[in-house]
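Asks: Sequence first, predicted coordinates after that:
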Amino acid sequence: MEKLQTFDSLVSKNDFVIKFANVNGSGSASANQMFAKAVFRMGIPVSPKNIFPSNIQGLPTWFEIRINKNGYLGSKGSVDLSVAMNPQSYNQDVEELNSGGYLLYDSSWKRNFYRDDINVIEIPLTSLCVESFTNAKQRALFKNIAYVGALSVLLDMEYEIFEELISEQFASKKNLIEPNLKALNIGRDYVLNNLPYPIGLTLERMDKNDGKILISGNEAAGLGAVYGGATICAWYPITPSTSLAEGFEKYAKKFRVDEKTGKNLFASVQAEDELSAIGMAIGANWNGARSFTATSGPGISLMSEFLGLAYFAEVPVVVFDVQRGGPSTGMPTKTQQSDILACAYASHGDTKHVMLLPEDPKECFEFSAMAFDLADRLQTPVFVVTDLDMGMNDWVVDELEWDDSRKFDRGKVLDFEALEKMEEKFGRYHDVDGDGICYRTYPGAHPSKGAYFTRGTSHDEYARYSEDGEINATNLRRLVQKFKTASELVPDPEIILSDKKNCSGVIYYGSTSAAMIEARDMLKEEGIELDLMRVKAFPFNLDVWDFIEKHDYVYVVEQNRDSQMRTLLMAEGGISAEKLRSLVWFNGQPIEANFIAKKIREREPEKI
Amino acid sequence: MTYIKKPINHHPNLKKNKLGLTRRDYEGAVSSLCAGCGHDSISAAIIDACFELNIEAYKVAKLSGIGCSSKAPAYFLNDSHGFNSVHGRMPSIATGASCANDDLLYIGVSGDGDSASIGMGQFVHAIRRQVDMTYIVENNGTYGLTKGQFSATNDKDSPNKYGEENPFPPVDLAALAIQLGASYVARSFSGDREQLVPLIMGAFQHKGFALLDIISPCVTFNNHDASTKSYDHIREHNDALGKVDFVPLGREITANYEEGETVEVNLHDGSKMSLEKLDSSYDPTDANLALNTVREKNDEGKVATGLLYIDTKAPDLYETLNAIDKPLNMLNEKELCPGSDKLKTINEGLN
């Protein structure tokens, strides 16, 4: 006799979270990505997040997909439908499921989950695939496609989209289309013939994704480097930045190969370590080619000595830091914003570096291209600081744009003609314009003018070695002036003011945006209004200081333990500790709106 | 070091090369190294080589790391750009620079501390990649700037200035370079200008990674009687594998050698390296023979010098990367930026 249902099943259209629990290395990621893309093609806002271990095969891995009709795409932190394909993690997967939620599992091996407030959906995926495929590898792989097929019916999705996606994905391996479609239908047919459908969670076509694309920050940043004119990429493999260098190569191979000769208008060198990677990038930039490296926290530590050289010898270089969980090796496959201070002050001695802080893949593209202009203009390292969440996950963003009238800003470079006309003696570190930025020359520019000796030792205006303390101090002061100039060139913060007066301020940056906007809207419903400022760059400009000045209290929301951005604001602007309220999240998962709202709610009443 | 400024005027009848330049036009700043330092002789030999080869100084980039040797690039070729980078990291700077512009001549100057210890990783990988450069190690077996500690090329049991013996065996950079596939490997002595200058000239004209391991005695810390890197020791134990001559393009070999006594190697630009063989069986294009010879001479307490190994066919890094002939640092927006139409196509593929 069938048991009577004693709980209310979740019912929601276009607003729920699905979490796939898989075994790492089982080929599930591409099936899960295909599912996410199908939701995207139905015009519904979607955010897939790969929650993976530092492992090649065997450990549990998850793939969380939030679907939200209102476009809130930050992490939600609760699960409505669990596709539990990994017995290793059943306990956790069952436990975190919302009451009334749905659990789909491979019932080839039946089991009881000891929760009487969830719907258990049984599909014998392994048995079905064993029946239909003979090859052991295919049996395992197509299980993933089969559950996607089952979901398409359970959630009432458009079947044609899956057909379309499969034929696109295997356009170059057409013999794989048929078995994939077969696997898809194994899952579909089982549900159609054996189970009630759809379940309470359903998807219905919307038009929210017109003019949008689905792209990861790393791929977008790599593409931005191609558009920004980078010719040399020097890199060392490190999670989560590797796919940035690969993104650059992918698009460079597409757009930067000379048709006549088949030769490359780019070079990508996999270095022996991070020290060498940054050295190559500095050497290339010194020689007048736009060059970059991509790394993560441990790489920043290793590159620090060279970064000090580039700062002091004033060599442009672009460094992408896709942050992961620290300290030390930390959580290599988890996300954090914990390299802010390491980047801002990288290297010994008095150093300060320019940082750009994109909020999503679209800005990864834009800031990437911008970084090369800024580095050349300022003749200094420029960091593009992203993180694993936006770097490795596909995000829904507006289509990328490029203005064809845009010219590269190569900064103050004296070429042959300029040197030929020059009457005074060339001084590499002579601040002619008073903005702290001097003129440089590329090696080989002119037979008798413009040569100089680049060095990390203290030097005078003519790049000659000098141990004169006053000469060195003057040079160091000029670098401060240059940093001030930088603050006028980097992007302004984005300020979103509430209609209400005298509300508290919030400062945030990077991938926190999605959760922050959602938290702001949640709090607004409750009557707590906030003024927001998203910081896009370091050094901070006047708008940043002005915003802080105009608020009694400012929350600084960030994804690290020590409130690094708050420390930076206090150090650079002399802001008092009481004024800046630290709101931190550092468990390695993307920050959640509920958490931000809760933390602000707890402290806000004292103002009312 | 001297504190006397170099005279601005020079003798009107100084010999001029094809560019109308004198040796003095290739000089650099006044050296701040100790009087008698081997490194200054090497700088002078570099100047000779550039003068003889009619090199335009502005088409040269001088690169170095940290240490006495790494100061040397300031003391030659004033009209060249120079880059004194960080300790042991010159090879990566050279790699990046040569990727950016393959048309310049890259002269890297390093020392035994800079290359055989802190920079060993970068040294090894620059060779592996066959970066097109001349890599000079001014090898004195000691850390001069920090006052006489043993370096990794110091011979085992060779004492320092205070009589303490080195307990560890040396790294042989030339042997290592041969093993790693460097396509031009030579060893010489800073005091043997006759051997050194043609070896430098050959290295400059060679396409690919050229290593010159040059014993360059440190007069202050490692030139005492018991040192194996002293002037006296190296003069006594120098075992030249052959008399080296560099034959520029278009110059006939005039010396009369008996058949079988010379080896000629054609360099990339058409010039030649000619070796008068002292040891009749030596063949510098045989890597195994080169390695064995270096080791055997070592065991005999001798230092094998001369052109140890050469391979003129190995592709250099730029070729391996299949990079366009026009230097990458000279490409413009039009050549580099795919533009908005292409971006539209990319967008279409991402939805």
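Replies: Cool, got the structure.
Asks: Can you report how many residues lie near the nearest residue to A:Glu163 once chain neighbours are set aside?
Replies: Spatially, and ignoring its direct neighbours in sequence, A:Glu163 is nearest to A:Leu181 (6.7 Å; CB to CB, 6 or more residues apart in numbering or on different chains). Glycine gets a C-beta too; all of them are placed from N, C-alpha and C. Neighbours of A:Leu181 under the rule other CB atoms under 10 Å in any protein chain shown: 17.
Asks: How is the residue nearest the centre of chain A assigned, secondary-structure-wise?
Replies: By CA atoms, centre = their mean, the mean C-alpha position of chain A lies nearest to A:Met390, the distance being 2.4 Å. At A:Met390 the chain is in helix, as set by DSSP: H, G, I helix; E, B strand; the rest coil.
Asks: Now do the lengthiest helix in chain B: everything it contacts.
Replies: Ranked by residue count and defined by DSSP state H, the top helix of chain B is helix B:38-52. Outside helix B:38-52, the residues within contact range by CB atoms under 8 Å, 6 or more residues apart in numbering or on different chains are B:17, B:21-23, B:26-28, B:31, B:33, B:55, B:57, B:60, B:68-69, B:72, B:75-77, B:107, B:136, B:138, B:140, B:190-191, B:193, B:196-197, B:200-201, B:204, B:214-219, B:231, B:246, B:248.
Asks: near chain A too, which of these?
Replies: Contacts with chain A within the contacts of helix B:38-52, counted by CB under 8 Å from any CB of the partner chain: B:Ala57.
Asks: Show me where chain B has its helices.
Replies: Here chain B has its helices, by DSSP H, at B:38-52, B:68-71, B:90-100, B:112-116, B:120-128, B:173-180, B:193-205, B:231-237, B:287-299, B:317-320, B:333-336, B:339-348.
Asks: contact partners of the fifth one?
Replies: Where contact means CB under 8 Å, 6+ apart, the residues beyond helix B:120-128 that reach it are A:271-273, A:275-276, A:279, B:88-92, B:94-95, B:110, B:115-116, B:133, B:135, B:152, B:171, B:173, B:176-177, B:180-182, B:209, B:211.
Asks: Now with 7 Å, please.
Replies: A:272-273, A:276, B:88-89, B:91-92, B:94-95, B:115, B:177, B:180-182, B:209 (CB atoms under 7 Å, 6 or more residues apart in numbering or on different chains).
Asks: Enumerate the positions of that helix that are buried.
Replies: The neighbour-count check on helix B:120-128 (16 or more other CB atoms under 10 Å in any protein chain shown) flags B:Met120, B:Gly121, B:Gln122, B:Phe123, B:Val124, B:His125, B:Ala126, B:Ile127 as buried.
Asks: A:Asn98 in helix, strand or coil?
Replies: Per three-state DSSP, A:Asn98 ends up strand.
Asks: quick one: pLDDT of it?
Replies: Per-residue confidence (pLDDT) for A:Asn98: 97.
Asks: next one: A:Met1
Replies: Note for A:Met1: predicted pLDDT of 47.
Asks: Is there any residue in stretch B:332-348 that contacts chain A?
Replies: Yes: contact of stretch B:332-348 with chain A is found when judged by CB under 7 Å from any CB of the partner chain, involving B:Glu333, B:Glu335, B:Leu336, B:Cys337, B:Pro338, B:Gly339, B:Ser340, B:Lys342, B:Leu343, B:Ile346, B:Asn347.
Asks: Show me which pair in those is furthest apart.
Replies: B:Glu335 and B:Asn347 (22.7 Å; CB to CB).
Asks: Show me what from the stretch 201-350 of chain A comes close to chain B.
Replies: A:209, A:212-215, A:223, A:226-227, A:229, A:231-232, A:234, A:255, A:258, A:261, A:263-265, A:267, A:269, A:272-273, A:275-276, A:279-284, A:286-289, A:291, A:305-306, A:309.
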